[in-house]
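*Asks:* take a look and give me a structure for this.
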Amino acid sequence: MAQVRGRFASRLGFLMAAAGSAVGLGNVWGFPSQTANNGGGAFVVMYLVLAFLLAWPALMAELVIGRHGQANIVTSMSLGRGITKRFGALAGWAGMLTASLILAFYAIVAGWLLGYTAAPVSAALGMSSAASWLTTFDFTRNVSLTAVFLALTMAIVVGGVRGGIEKWSTRLMPLLLALLVGLIGYVLTLPGADEGLSVYLTPQWDRIFDADLMLSAMGQAFFSLSLGVGAMLIYGSYLGPEQNLPRLGVLVTLIDVGIAFLAGLLVIPAMYAARHLGVEIFDADGLLKSSDTLLFDTLPALFGQMGGAGDVLMVAFFALMSVAGITSSISMLEVPVSFVVERGWLGRRAATLGVGAAIMAISLTIAANFGALFGLVIMLTTQYSQPLVALVMCLLVGWAMSRHALLKEIQSGAPDIESSLFWKIWPWYVRLICPLCIALVFAHSL
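*Replies:* This next block holds a predicted model:
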């Protein structure tokens, strides 16, 4: 008997799930850090422009492949015939492996976030040794918190599309937004925050066309949308034919860049508030300290100088980061789980447990060899594999799918699309411009 695939119950459910996938640590932390290192407001302007000129068309390619295939990443990317089909399937395997490896190191970092969320609560309850353990870099602590984070992710994914992913995305995304807005409102009242706000919102126009800034903004725009790992593809495969893909793509991009912008309103003023209190945010060369140092040292130092209010802020901030981590991790886990289920190897529950256990084993290996493997896995997945898979997706849509098949797929939810400006531009855009830009980002990261 053919298995009935899951499907999102509503457009809102898809939007929350897709936006949740995109709005991860790369948005809430990576974007503000990139902004601080690349000209402040100039980077923000270029990021917003490129998100719609380049990242949205590439996002559309993933959504089209997913809904057209109505299957897991390997099957959906097996477009065309002969060598094209085999090449697409190989890229699908690469995307699935990339999603799994990213989740393996992502879960370690997200486990740290859970620890920093729980530490002030433990201290307030008089459990100072537990609070210290939760924030001290240690193999046992790393593995334990990673297991907790992966267990939370698996508990959501095991519920399927509607009962797990959609249900929890529609709950977690409003929570994330509420935490973000509340924290912004408080941080902007702190001494020194106004300087950070000025840096963030005042573009250095002489830097806006700087080549390094533009390539960094392009890379941030592409990868903040979770492109190249199959997450958007698999969510697209759970959409019905009546859904308007161009409109949904625009809405996902708007939510993604909107939350990234709000994250900048929180993090950069917070950095300068910490600086006002004497906390160092720049190194000896005048450059911003590394992202992990800022996240796990600088901001906790700021909160630590604020008394009881600082403890509340620390819990809220790291809870925000943890929620952002979970909304992204569920999409990454769904990529391999959907493959295992649709191949008929295991049911969803067993597939979720099995794939989750395999990823935990990879996380354990990384944690046991942290110095050698952590940075290496990040480099191989985010700098090499992710852009290459995204490149192949654009090439498949641009060259392997016929123009008629492409139009028919998009037209099912947007009947008037053929006469629109979108249809006149996008097919050629995704065929030529997007691959070229992704190749430039890839070369820039080497």
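
*Asks:* which secondary structure elements does the host helix or strand of L183 sit against?
*Replies:* Assigned by DSSP states H and E, L183 belongs to helix 167-187. Under the contact criterion of 3 or more Cβ pairs under 8 Å, 6 or more residues apart in numbering; DSSP states H and E, helix 167-187 touches helix 11-22, helix 245-276, helix 307-342. (Glycine included, C-beta is placed from N, CA and C.)

*Asks:* list the contacts of it.
*Replies:* 12-13, 16-17, 19-20, 23, 28, 156, 159, 193, 259, 262-263, 265-266, 269-270, 273, 313, 316-317, 319-320, 323-324, 326-327, 330 (Cβ atoms under 8 Å, 6 or more residues apart in numbering).

*Asks:* name the residues of that helix that are buried.
*Replies:* 167-170, 172-173, 176-177, 179-180, 183-184, 187 (16 or more other Cβ atoms under 10 Å).

*Asks:* next, the angle from it to helix 11-22.
*Replies:* Counting by axes from the mean of the first three to the mean of the last three Cα atoms, to 10 degrees, helix 167-187 lies at 60 degrees to helix 11-22.

*Asks:* after helix 167-187, next one along is what?
*Replies:* helix 193-201.

*Asks:* the helix holding L183 to helix 193-201, inter-axis angle?
*Replies:* 120 degrees.

*Asks:* now do helix 167-187: distance to the chain's middle.
*Replies:* 16 Å (Cα atoms, centre = their mean, to the nearest Å).

*Asks:* now the helices and strands packed on helix 167-187 in CSV, with mean pLDDT and mean neighbour count?
*Replies:* Below are the helices and strands packed on helix 167-187 laid out as CSV (pLDDT from 0 to 100; neighbours: other Cβ atoms under 10 Å):
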stretch, mean pLDDT, mean neighbour count
helix 11-22, 94, 24
helix 245-276, 92, 22
helix 307-342, 93, 22
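
*Asks:* Throw the ones you listed into TSV and include distance to S33, thanks.
*Replies:* Putting the helices and strands packed on helix 167-187 into TSV (distance: least, Cβ to Cβ, whole Å) gives the following:
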stretch	distance to S33
helix 11-22	17
helix 245-276	8
helix 307-342	13
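
*Asks:* out of these, nearest to Y106?
*Replies:* helix 307-342 (6.2 Å; Cβ to Cβ).

*Asks:* return the set of buried residues in the following helix or strand past that closest one.
*Replies:* Using DSSP H and E, the helix or strand that follows helix 307-342 in sequence is helix 348-368. Across helix 348-368, burial judged by 16+ other Cβ under 10 Å covers R348, A351, T352, V355, G356, I359, M360, I362, S363, L364, I366, A367.

*Asks:* check stretch 29-38 too.
*Replies:* Within stretch 29-38, judged by 16+ other Cβ under 10 Å, the buried ones are W29, G30, F31, P32, S33, Q34, T35, A36, N38.

*Asks:* which one of the residues you listed is nearest I234?
*Replies:* Nearest to I234 among the buried residues of stretch 29-38, with distances taken as Cβ to Cβ, is G30, at 22.6 Å.

*Asks:* my guess is that closest one contacts S224. True?
*Replies:* Yes: between G30 and S224 there is a contact under Cβ atoms under 8 Å: 7.3 Å.

*Asks:* quick one on the thing from earlier: for P435, find the nearest of the helices and strands packed on helix 167-187.
*Replies:* Here helix 245-276 is closest among these (Cβ to Cβ), at 17.9 Å.

*Asks:* with distance to K289 and pLDDT added, can I get the buried residues of helix 348-368 in CSV?
*Replies:* Output for the buried residues of helix 348-368, formatted as CSV (distance: Cβ to Cβ, whole Å; pLDDT from 0 to 100):
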residue, distance to K289, pLDDT
R348, 43, 96
A351, 41, 97
T352, 38, 98
V355, 36, 98
G356, 34, 98
I359, 30, 98
M360, 31, 98
I362, 29, 98
S363, 26, 98
L364, 29, 98
I366, 23, 97
A367, 24, 96
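
*Asks:* could you dump those into CSV with distance to T253 added?
*Replies:* Formatted as CSV, those follow (distance: Cβ to Cβ, whole Å):
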residue, distance to T253
R348, 30
A351, 31
T352, 29
V355, 29
G356, 30
I359, 28
M360, 33
I362, 31
S363, 31
L364, 36
I366, 32
A367, 35
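
*Asks:* which of the residues you listed sits closest to G126?
*Replies:* Lowest distance from G126 to those (Cβ to Cβ) belongs to A367, with 29.4 Å.

*Asks:* tell me which element the nearest residue to the closest one once chain neighbours are set aside falls in.
*Replies:* Counting by Cβ to Cβ, 6 or more residues apart in numbering, A367 lies nearest to N142, which is 4.7 Å off, once chain neighbours are set aside. In this assignment (DSSP H and E), N142 forms part of helix 139-157.

*Asks:* next SSE after that helix?
*Replies:* Moving toward the C-terminus from helix 139-157, the next element (DSSP H and E) is helix 160.

*Asks:* can you list the neighbours in contact with that following helix?
*Replies:* G6, R348.

*Asks:* with stretch 351-371 instead?
*Replies:* Residues contacting stretch 351-371 (Cβ under 8 Å, 6+ apart): 100-101, 103-105, 107-108, 139, 142-143, 146-147, 150-151, 153-154, 157-158, 333, 336-337, 340-341, 345-346, 373-374, 377.

*Asks:* of those residues, keep whichever come out buried.
*Replies:* 100-101, 103-105, 107-108, 142-143, 146-147, 150, 153-154, 157-158, 333, 336-337, 340-341, 373, 377.

*Asks:* distance between stretch 246-262 and the chain's centre?
*Replies:* On Cα atoms, centre = their mean, the centre of stretch 246-262 falls 13 Å from the chain's centre.

*Asks:* dump it to CSV, restricted to CA.
*Replies:* Output in CSV follows, covering the C-alpha atoms of stretch 246-262 (Å, rounded to 0.1, in the frame of the first residue of the first chain):
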residue,chain,number,x,y,z
PRO,A,246,6.0,32.9,-5.1
ARG,A,247,3.9,34.5,-2.5
LEU,A,248,4.9,32.0,0.2
GLY,A,249,8.5,32.5,-0.8
VAL,A,250,8.3,36.2,-0.3
LEU,A,251,6.5,35.8,3.1
VAL,A,252,9.2,33.4,4.3
THR,A,253,11.9,35.8,3.2
LEU,A,254,10.2,38.8,4.8
ILE,A,255,9.9,36.9,8.2
ASP,A,256,13.4,35.7,8.0
VAL,A,257,15.0,39.1,7.3
GLY,A,258,12.6,40.8,9.7
ILE,A,259,13.7,38.7,12.6
ALA,A,260,17.3,39.1,11.6
PHE,A,261,16.9,42.8,11.6
LEU,A,262,15.2,42.7,15.1
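
*Asks:* hmm, who's touching it?
*Replies:* Outside stretch 246-262, the residues that reach it (Cβ under 8 Å, 6+ apart) are 11, 14-15, 18-19, 22-23, 27-28, 31, 44, 47-48, 51-52, 55-56, 59-60, 63, 176-177, 180-181, 184, 221, 224-225, 232, 239, 410, 414, 417, 422, 426.
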